[in-house]
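1. please work out how this folds:
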Amino acid sequence: MKKYEIYQAVKKEGVVVVIRGKSVEQAIKTVEACYAGGIKIIEVTFTVPRADEIIKQLVDKYKGTDMVVGAGSVLDPETARIAMLAGAQFIVSPALNVETIKMCNRYGVAVMSGVFTPTEAITALEYGVDIIKMFPGDVATPKGLKALKGPLPQANIMPTGGVSMENVGEWFKAGAYAVGAGSFITKGAQNDDYKEVERVSREFVEKVHSIIGG
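-> This is a model prediction of the structure:
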């Protein structure tokens, strides 16, 4: 998919699920459960052992489907390039790293850089970041997002961290482009309860789509 298609997919679906895990097997089973529940955009974090192998397996498995596989917790351009070579369709960083943005732009790969301040957000925009990740969202809060959108209405902001079933409506009301969600959706995987992951995924997707009209 082209960069603009990734951004359109994120807007349409409204949610990107962050995948963590203790092993390759756990991470892949978690993704499978999320997809069964209607999640179509996931980021495999580089805190997971052998994350690049997981990304490659997932890209091969879901080739030709509507699943979009990206890489998360990417801290530097070297890791970004490893993720790209594994097939990652987008790169997500918890922080603003200009060299990582440059690497992604060089190869035409969508990038979502983490910011927390107006200065970081403006820098991200100046370097061509189309979706800004507000992190940590539980510290920023929907009020913080709304305040940031005041002087930067043109910014597409995706809060990650602290997003839940209960407050997701507040985030979109505050101006979120989409939301990043993680542990509250995937926590069942810690006990190998992938049916629970599927159930929560389905409920969250239905709620998000009822809010954004997807």
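2. can we go C-alpha only for contacts and neighbour counts from here?
-> Will do.
3. quick one: neighbours of residue 95, just the number.
-> For residue 95, the count of nearby residues is 20 (other C-alpha atoms under 10 Å).
4. give the residue farthest from the middle of this structure.
-> Most distant from the centre of the chain: residue 151, at 24.1 Å, with distances by C-alpha atoms, centre = their mean.
5. tell me the secondary structure at the spatially closest residue to residue 200 that is not a sequence neighbour.
-> If the residues on either side of it in the chain are set aside, residue 200 comes closest to residue 185, at 5.6 Å by C-alpha to C-alpha, 6 or more residues apart in numbering. Assigned by DSSP: H, G, I helix; E, B strand; the rest coil, the conformation of residue 185 is helix.
6. relative to residue 145, how far out is the residue farthest from the centre of the chain?
-> Between residue 151 and residue 145 the computed distance is 11 Å (C-alpha to C-alpha, to the nearest Å).
7. related to what we said a few turns ago, so what pLDDT did the residue farthest from the centre of the chain get?
-> Note on residue 151: pLDDT of 97.
8. show me where the chain has helices.
-> Applying DSSP state H to the chain gives helices spanning 3-13, 24-36, 51-61, 77-86, 98-106, 118-126, 137-149, 168-173, 183-186, 194-212.
9. among those, which is nearest residue 162?
-> Judged by C-alpha to C-alpha, the one of those that comes nearest to residue 162 is helix 137-149, at 4.1 Å.
10. buried residues in that closest one?
-> For helix 137-149, the neighbour count (16 or more other C-alpha atoms under 10 Å) marks 137, 140, 141, 142, 144, 145, 146, 148, 149 as buried.
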